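Participant: fold the following for me, if possible:
(one chain, ligands or ions: 2)
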Amino acid sequence: MNISVIGYPRIGNLRELKFACEKYFRQEISQEELEQTAKTIRLNNLLLQKNSGIDFIPSNDFSYYDGILDTAFLLNAVPERYTSLGLSELDTYFSAARGYQGEKGDVKALAMKKWYNTNYHYMVPEISDNTEIRLTGTKPFSLYQEAKNSGIQTKPVIIGAYTFLKLAKYTGKKSAVDFLDDTAKAYAELLQKFSTSGAEWVQFDEPSLVMDMTKEEISLFVSLYEKILSHKGNLNVLLQTYFGDVRDCYQELCALPVDGIGLDFLEGKQTLSLIQKNGFPEGKFLFAGLVNGKNIWRNHYAETVAELSELAAYTNHLVLSTSCSLLHVPCTVKNESHLDENVKKHFAYAEEKLTELSELKQILQAEHPTETELFLKNVALHQEPKENRNDAVRTLISHLTEKDFQRQPEFSERETIQKKRFHLPIFPTTTIGSFPQTAEVKSARKAFRNGELSEQDYENFIKEKIAECIALQEEIGLDVLVHGEFERNDMVEYFGECLDGYIFTEKAWVQSYGTRCVKPPVIWGDISRAKPMTVKWSVYAQSLTEKPVKGMLTGPVTILNWSFPREDISLKESAFQIALAIREEVLALEENGIKIIQIDEAALREKLPLRKADWKEDYLNWAIPAFRYVHSGVKPETQIHTHMCYSEFADIIQEIDDMDADVITFEASRSDLSILDVLKENHFRTETGPGVYDIHSPRIPSTEEIQAVIDKMITRVPIEKLWINPDCGLKTRNFQETIPSLKNLVSAAEQARKNFS
Ligand code: GLN
Ligand code: ZN
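Facilitator: Ligands and ions are numbered 1, 2, ... in the order given. Predicted coordinates:
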């Protein structure tokens, strides 16, 4: 049996690509230097996989920013506003990724969206009626060649035609079907090119096939592939899916003249039963995704071996694969020097997953797989007790009743009480929480961690930053202030460190978007609040000003979604345990005089099942109650805010209102403000601050630009419910961008007030 990897992390073991790109953006290194770093990472990854005996090694899984954006460039689907800037090829690419503001023009970045149910974000390709889809790029070919030149035969990986057309945004009258022929032609040409360059397999990633599909979508998919595959010649094509099962198109998929079908047996609830019911087409390779590409726990060899032997009844062309690209896990456990060996031995990051694949291959080659040493060692590992129970927490959670999830009094009564209490102007201005994390802040935190800075000195330093931040916000004229979050490395990791049951890693970085990486903490056991987490900082910040300062917490669903979860208890159970801990912090903030508390649920939508039929039962029925439980104990006059990133929540708008927060802020500027119509149509009750500018880009929005956004917002949101704020936290920006941006935001709000009084 052969083994396959769908994709490998490209950021580098120590985030080398991130740092090189950022240096390049600051013009500290040349393009050649950046390219050299990229090449080193690619070759390392290839060698690593080769040495682990991986039979199907991916190429073209590398990207400077995002693989979907790469595909848009490959297919000539790049808006003219970028290509006409007259920048180099690479800089044109980065202008679409990050926006561009300089001598040659001023353009915003493409929209960015979450990649299915992960915390990775892709750039949304924009297709207009004038877009001519053609194969214009060369990257997949040169990366294939590069690998080949170093003696490694690879399987080039390309985002599939169907997924590409489904993810694109159509700005004119045309839609995906109108681009069917051109797209199929471009992909067919791509196959021909690979065929001549000596490739044996090409992998088309089609995660969109695991979504709910309409008849039209199924026929779009089938027509695309009938056309594409009619030119494939001797080349083998692997159609790779992940993040779910293909229940809507399994038969059509099997009927296509592809050579391999990649299915996810971990997240695909029905994958196995689809095969049991329908069989698997003879002669085709089944790439069975059984090594988890999303979680960091060691594989259960007993389960994997059992599943593979079951599958062997349906096909004798079985390939063992990761369940999705390893992009979603950190690079290697080797760099975790602080973790206890007893913990570490349960972990497998990307590199260790390669080892698992190769061990499983060896096990399966043995005459009696379940008697091999490798197998038995793995079984023994999983039998070791982990000592991670907290019975007090479990008892509390098991006694919760309906009223623990219901805040009193109801929304409108609270709204009146709070309007009286806070006396804010119309269009109150605020920010989402974090202020720029400057090099100074980061290095102080590092020095504290390394023991080079005493606790007292570190605390004084943070206080100094908080004081500067409060003074700055007063000077800018914001209405509701924040302390700036300087004590936090990350909005989830920070809390993980303050909670019992969590363990945190040192180098477990995972790419979130572009050069941004996150380091999700690991839920090891039952969660409880070990100590106050934010009270000290919030109380200090509030002591410096008459204006309200928001207490700033991360909500249970986001903490859970941005952690590596346990596999031994349910997500619901973990969510409620975290909710209990955050609730204790909310009540402590209130008791200490904090009047407004923001509980971020940036990632609420992230783990929403991809199929609608699973939404409530598998997710919303516990996720929304978990949030409600966090704030149901506060007084009527305490204002609860929440914040969400990316406004793809039109379809769960009711549930979001049901979170029963008093105010919600969210990203809107990158998604065309279309969410506003949804708010209006649904008579959204919660007060809202749809972000008036995009903080993911270094551009400074002008006052006029923000005014225009506000003008649009007030046609959809009742003015007494509208807040004015950026679309997300400012931690990734610098002060040179932040200060003028916020000044423009405040003056736009002031102007709007004049127009309305
Ligand atoms: N309060 C957080 C911040 O401002 C929210 C970040 C987020 O939404 N991702 O950084
Ligand atoms: Zn956000």
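Participant: CA only for contacts and neighbour counts going forward, please
Facilitator: Fine.
Participant: now the residue nearest to the spatial centre of the chain: which helix or strand?
Facilitator: Among the residues of the chain, Asn119 comes closest to the average C-alpha position under CA atoms, centre = their mean, at 1.4 Å. Using DSSP states H and E, Asn119 sits in no helix or strand.
Participant: ok, it - contacts?
Facilitator: Ser512, Trp562, Ala603, Glu606 (CA atoms under 8 Å, 6 or more residues apart in numbering).
Participant: okay, and the residue in the chain sticking out farthest from the centre sits in which element?
Facilitator: Going by CA atoms, centre = their mean, the residue of the chain most distant from its centre is Glu367, 42.4 Å out. Under DSSP H and E, no helix or strand contains Glu367.
Participant: and stretch 354-361, which residues are buried?
Facilitator: Leu354, Thr355, Glu356, Leu357, Ser358, Glu359, Leu360, Lys361 (16 or more other CA atoms under 10 Å).
Participant: neighbouring contacts of it?
Facilitator: 1-3, 49, 52-54, 291, 299, 301, 305, 320-321, 374.
Participant: mind giving me the PyMOL select for the residues you listed, buried ones only?
Facilitator: Burial among the contacts of stretch 354-361 is assessed by 16+ other CA under 10 Å; the matching PyMOL selection reads:
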select buried, resi 2+3+49+52+53+54+291+299+301+305+320+321+374
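Participant: quick revisit: dump the buried residues of stretch 354-361 to JSON lines, plus pLDDT.
Facilitator: Formatted as JSON lines, these follow (pLDDT from 0 to 100):
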{"residue": "Leu354", "pLDDT": "98"}
{"residue": "Thr355", "pLDDT": "98"}
{"residue": "Glu356", "pLDDT": "98"}
{"residue": "Leu357", "pLDDT": "98"}
{"residue": "Ser358", "pLDDT": "98"}
{"residue": "Glu359", "pLDDT": "98"}
{"residue": "Leu360", "pLDDT": "98"}
{"residue": "Lys361", "pLDDT": "98"}
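Participant: would you turn those residues into TSV with secondary structure and distance to ligand 1?
Facilitator: What follows is these, written out as TSV (DSSP: H, G, I helix; E, B strand; the rest coil; distance: CA to the nearest ligand atom, whole Å):
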residue	secondary structure	distance to ligand 1
Leu354	helix	31
Thr355	helix	34
Glu356	helix	33
Leu357	helix	34
Ser358	helix	37
Glu359	helix	38
Leu360	helix	38
Lys361	helix	40
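Participant: mind checking how far the residue in the stretch 251-400 of the chain positioned nearest to ligand 2 is from Val518?
Facilitator: Nearest residue of the stretch 251-400 of the chain to ligand 2, counting by CA to the ion: His328, 19.9 Å away. Remark: distance between His328 and Val518 (CA to CA, to the nearest Å) = 10 Å.
Participant: shared neighbours of these two, anything?
Facilitator: Common contacts of His328 and Val518, defined by CA under 8 Å, 6+ apart, comprise Val510, Gln511.
Participant: enumerate every residue touching whatever residue of the stretch 251-400 of the chain ends up closest to ligand 1.
Facilitator: Closest approach between the stretch 251-400 of the chain and ligand 1, counting by CA to the nearest ligand atom: His328, at 17.7 Å. His328 makes contacts with Pro9, Thr118, Tyr120, Gly293, Lys294, Val510, Gln511, as judged by CA under 8 Å, 6+ apart.
Participant: where does pLDDT dip in the stretch 501-650 of the chain?
Facilitator: Confidence mapping of the stretch 501-650 of the chain against pLDDT under 70 gives the ranges 647.
Participant: just the strands in it please.
Facilitator: With DSSP state E, counting those that start in this stretch, the ranges of strands along the stretch 501-650 of the chain come out as 510-513, 516-518, 522-529, 550-554, 596-600, 639-644.
Participant: run the angle between the last one and strand 550-554 for me.
Facilitator: Relative orientation of strand 639-644 with respect to strand 550-554: 40 degrees, computed using axes from the mean of the first three to the mean of the last three CA atoms, to 10 degrees.
Participant: can you tell me which residues contact His338?
Facilitator: His338 neighbours (CA under 8 Å, 6+ apart): Thr505, Glu506.
Participant: likewise for Ile624?
Facilitator: With CA under 8 Å, 6+ apart, Ile624 has these contacts: Glu655, Ile656, Asp658, Met659.
Participant: give me that answer again for 10 Å
Facilitator: Phe405, Pro556, Val557, Leu604, Lys616, Glu655, Ile656, Asp657, Asp658, Met659, Asp660 (CA atoms under 10 Å, 6 or more residues apart in numbering).
Participant: among these, which lie within helices?
Facilitator: Pro556, Val557, Glu655, Ile656, Asp657 (DSSP state H).
Participant: quick check, stretch 643-650 touching ligand 1?
Facilitator: Yes: for stretch 643-650, a contact with ligand 1 is found by CA under 6 Å from any ligand atom, at Met644, Cys645.
Participant: and ligand 2, is that stretch touching that?
Facilitator: Yes: Stretch 643-650 reaches ligand 2 (CA under 5 Å from the ion) through Cys645.
Participant: what residues of that stretch count as buried?
Facilitator: Applying 16+ other CA under 10 Å to stretch 643-650 flags His643, Met644, Cys645, Tyr646, Ser647, Glu648, Phe649 as buried.
Participant: also stretch 558-571?
Facilitator: Buried residues in stretch 558-571 (16+ other CA under 10 Å): Thr558, Ile559, Leu560, Asn561, Trp562, Ser563, Phe564, Pro565, Arg566, Leu571.
Participant: now the fourth one: how far from Leu191?
Facilitator: When CA to CA is the yardstick, Asn561 and Leu191 sit 38 Å from each other.
Participant: can you check the third one too?
Facilitator: Leu560 sits 41 Å away from Leu191 when distances are taken as CA to CA.
Participant: output the host helix or strand of Ala752 as CSV, nothing but the C-alphas.
Facilitator: Counting by DSSP H and E, the element that carries Ala752 is helix 735-756. Provided in CSV are the C-alpha atoms of helix 735-756 (Å, rounded to 0.1, in the frame of the first residue of the first chain):
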residue,chain,number,x,y,z
PHE,A,735,0.8,53.2,14.9
GLN,A,736,1.6,55.3,11.8
GLU,A,737,-1.3,53.6,10.0
THR,A,738,-3.6,53.3,13.1
ILE,A,739,-3.5,56.9,14.4
PRO,A,740,-4.6,58.7,11.2
SER,A,741,-7.1,55.9,10.4
LEU,A,742,-8.8,56.3,13.7
LYS,A,743,-8.7,60.1,13.5
ASN,A,744,-10.4,59.8,10.2
LEU,A,745,-12.9,57.4,11.7
VAL,A,746,-13.8,59.8,14.5
SER,A,747,-14.1,62.8,12.2
ALA,A,748,-16.4,60.8,9.9
ALA,A,749,-18.6,59.9,12.9
GLU,A,750,-18.6,63.5,14.0
GLN,A,751,-19.7,64.6,10.6
ALA,A,752,-22.4,62.0,10.5
ARG,A,753,-23.7,63.3,13.9
LYS,A,754,-23.9,66.8,12.5
ASN,A,755,-25.9,65.6,9.6
PHE,A,756,-28.3,63.9,12.0
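Participant: which strands or helices does that helix pack on?
Facilitator: helix 455-476, helix 703-713 (3 or more CA pairs under 10 Å, 6 or more residues apart in numbering; DSSP states H and E).
Participant: now do 7 Å
Facilitator: helix 703-713 (3 or more CA pairs under 7 Å, 6 or more residues apart in numbering; DSSP states H and E).
Participant: what about the helix holding Ala752 and ligand 1, any contact?
Facilitator: No: under the criterion of CA under 6 Å from any ligand atom, ligand 1 is not reached by helix 735-756; the shortest gap measures 12.8 Å.
Participant: quick one: mean pLDDT for that helix?
Facilitator: What helix 735-756 shows for mean pLDDT is 97.
Participant: that one: how far from the chain's middle?
Facilitator: Mean C-alpha position of helix 735-756 versus that of the full chain (CA atoms, centre = their mean, to the nearest Å) differs by 30 Å.
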